[in-house]
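Visitor: fold the following.
(chains A, B, C and D)
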Protein chains: 2
Amino acid sequence: MTAVARTPRRRRAQRGSGEQLRAEIIAAARELLAAAANADDVSIRAVADAVGVTSPSIYLHFADKNELLGAVVSEVFSELDAAMLAAGADADGPFERLRAFGLAYVVFAVAHPEQYRIATMDPCPQPDVDEVLASSAFENFNATVMECMQAGIFADGDPLPITLDLWAAAHGIASLMIAKPFLPWGDVKTTADRALCAAALGHAARALVGDGDVTAKQLTEWLAEQHRPSRSRKR
Amino acid sequence: MTAVARTPRRRRAQRGSGEQLRAEIIAAARELLAAAANADDVSIRAVADAVGVTSPSIYLHFADKNELLGAVVSEVFSELDAAMLAAGADADGPFERLRAFGLAYVVFAVAHPEQYRIATMDPCPQPDVDEVLASSAFENFNATVMECMQAGIFADGDPLPITLDLWAAAHGIASLMIAKPFLPWGDVKTTADRALCAAALGHAARALVGDGDVTAKQLTEWLAEQHRPSRSRKR
DNA sequence: TGTACATCAGTGAACGCGCGTTCACTGATGTAC
DNA sequence: TGTACATCAGTGAACGCGCGTTCACTGATGTAC
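Guide: Below you'll find the model as predicted:
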């Protein structure tokens, strides 16, 4: 009497429609990945089962599990790219676009925690995953940093260090929020915006004092000098 | 003729010296973990083998694998705590201590990548791991942020958001360096210092303009105003 | 229009593997008398 | 000082499990004549 509820057998695909099952497999893997704590917890069998197909069928569309995971992550990052571009589309100037990009990045990461974790923390990801990453988040940030330099918001020079830093700031907030959700983060957007603005303003402040190798010590002293009179008027 | 080189059987421990094997197990697990890409790649058997003991012996000292991993991470974070305190010991003022803390944090994380990854990215870590984390990095940062507030470097208020933000900045740099070592990071210390200073200075700049809820827009406008005359004197 | 045939998406069963963990045991060490 | 015994750190063999992947196959679909 053990009536095991089997997934209903799906209809055989039309001749030329191999792509359809491929897309369904990726979608199922994404969903399972989102629910799992770990990429290892999503098995080929589980993905096949979710689609309503046997596990060897997966290998008709992907060489191995790694390729499937890579495809999932690629898809997710394409969407991240789209989300960032959409968020930055009607920003008022490059600095505001930087903010919008960063915010969209963090919000997206928090909304897709497991996929984000795989893409950014797996030490041996698919090569093309890194390409996707480079072509979306990284390039979006970098182009806008250059605009900020042209606008005089950042000091002229190599945009790369600032881009990496802003990316790291967004990533730091996003990944800690994902991994330590019990910490008192407050509202995602507010916190992310605060952190991103701080990082960006820090670089902007550098431009204020002068070009090149200003030491942090000089900067703080300068800031402290500006600061003191405005707060208590003594000195 | 297959002379398998077996690990030499270790001498039986003295009666009261159960602690010694426990420490050896943790040390072996740390070493294997550092070499592995993933915590799942370190098996109980491998740890036992490295110590020169059979796998059931592990269970004489740890309830299960999770407890062993937790012990490893606790130990690593105790050392992180020590490294941070040592680095900040003779810093010149709270801001410099913040820098020293952040630098030590990133340097330590990059030097112990796998242990760091487990501690910060595993979504379901041992409860006491989080306690250790809270008692070291987090508390060190938080106390110093409060000192910075008293010194007028940061605007008065709740130190928590700034602490979380600085921690996220350090974590962002550290974890991206670990996960994407092929990116053009440059020197670890230089890059980490740049990022941390930017974040800290960003918060300091906020204090400059005024208390409370200054919008980022106001801040950039203010910065831009300060900025333009100093660079080209036009306007 | 009907029949024989090629195609190939998907199947079912099995493979070997390494894992975490359990369990009855052994035998050196320390202790009581 | 010698002997019997309790202790308990560590052993050896096995357990059940779920995994990724392979392989010979099936049978609906489309095509050629």
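Visitor: contacts and neighbour counts: CA atoms only from here.
Guide: Will do.
Visitor: model confidence over the longest helix along chain A, on average?
Guide: Among the segments of chain A that qualify as a helix by DSSP state H, the longest is helix A:65-88. The pLDDT scores in helix A:65-88 average 92.
Visitor: now check it, is it near DNA strand C?
Guide: No - for helix A:65-88, no contact with DNA strand C is found by C-alpha under 7 Å from any atom of the strand; the gap never falls below 13.5 Å.
Visitor: helices and strands around that helix, which ones?
Guide: helix A:18-35, helix A:94-111, helix A:113-121, helix A:127-133 (3 or more C-alpha pairs under 8 Å, 6 or more residues apart in numbering or on different chains; DSSP states H and E).
Visitor: DNA strand D: which of those helices is closest?
Guide: helix A:18-35 (10.9 Å; C-alpha to the nearest atom of the strand).
Visitor: tell me which residues in the following helix or strand past that closest one are buried?
Guide: Later in the chain than helix A:18-35, the nearest helix or strand by DSSP states H and E is helix A:44-51. The neighbour-count check on helix A:44-51 (16 or more other C-alpha atoms under 10 Å in any protein chain shown) flags A:Ile44, A:Ala46, A:Val47, A:Ala48, A:Asp49, A:Ala50, A:Val51 as buried.
Visitor: show me which of the residues you listed is closest to A:Glu147.
Guide: Of all those, A:Val47 has the smallest distance to A:Glu147: 43.9 Å, by C-alpha to C-alpha.
Visitor: what sits against that closest one?
Guide: A:Ile25, A:Ala28, A:Ala29, A:Leu32, A:Ser55 (C-alpha atoms under 8 Å, 6 or more residues apart in numbering or on different chains).
Visitor: so the second one sits right up against A:Val53, yeah?
Guide: When you say that, I think you mean A:Ala28. No - with contact defined as C-alpha atoms under 8 Å, A:Ala28 and A:Val53 do not form a contacting pair (11.4 Å).
Visitor: so A:Gly157, which state does it fall into?
Guide: Put simply, A:Gly157 is coil when judged by DSSP: H, G, I helix; E, B strand; the rest coil.
Visitor: could you check the pLDDT of it?
Guide: 91.
Visitor: for the spatially closest residue to it that is not a sequence neighbour, give me its contacts.
Guide: The shortest distance from A:Gly157 to any non-neighbouring residue, by C-alpha to C-alpha, 6 or more residues apart in numbering or on different chains, is to A:Met149 (7.8 Å). A:Met149 makes contact with A:Ala155, A:Asp156, A:Gly157, A:Pro159, according to C-alpha under 8 Å, 6+ apart.
Visitor: now name the helix or strand holding A:Met149.
Guide: Following DSSP H and E, one finds A:Met149 within helix A:139-150.
Visitor: low pLDDT regions in chain A?
Guide: The model of chain A has pLDDT under 70 over residues A:1-18, A:122-130, A:132-135, A:208-235.
Visitor: and the angle for the helix or strand containing A:Ala174 with helix A:94-111?
Guide: Using DSSP H and E, A:Ala174 sits in helix A:159-179. For helix A:159-179 against helix A:94-111, the angle by axes from the mean of the first three to the mean of the last three C-alpha atoms, to 10 degrees is 30 degrees.
Visitor: export helix A:159-179 as CSV, just CAs?
Guide: C-alpha atoms of helix A:159-179 as CSV (Å, rounded to 0.1, in the frame of the first residue of the first chain):
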residue,chain,number,x,y,z
PRO,A,159,40.6,53.2,-12.2
LEU,A,160,41.3,49.6,-11.4
PRO,A,161,42.2,49.9,-7.7
ILE,A,162,39.1,52.0,-7.0
THR,A,163,36.9,49.6,-8.9
LEU,A,164,38.3,46.5,-7.1
ASP,A,165,37.8,48.3,-3.8
LEU,A,166,34.2,49.3,-4.5
TRP,A,167,33.5,45.8,-5.7
ALA,A,168,35.0,44.4,-2.5
ALA,A,169,32.9,46.8,-0.4
ALA,A,170,29.7,45.6,-2.1
HIS,A,171,30.9,42.0,-1.9
GLY,A,172,31.8,42.3,1.7
ILE,A,173,28.4,43.6,2.7
ALA,A,174,26.6,41.1,0.5
SER,A,175,28.5,38.0,1.6
LEU,A,176,28.4,38.8,5.3
MET,A,177,24.7,39.5,5.2
ILE,A,178,24.3,36.1,3.5
ALA,A,179,26.6,34.2,5.8
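Visitor: now for that helix, which elements pack on it?
Guide: Looks like helix A:159-179 contacts helix A:94-111, helix A:139-150, helix A:188-209, helix B:113-121, helix B:160-179, helix B:188-209 (3+ C-alpha pairs under 8 Å, 6+ apart).
Visitor: rerun that using 6 Å as the cut-off
Guide: Packing contacts for helix A:159-179, counted by 3 or more C-alpha pairs under 6 Å, 6 or more residues apart in numbering or on different chains; DSSP states H and E, involve helix A:139-150, helix B:160-179.
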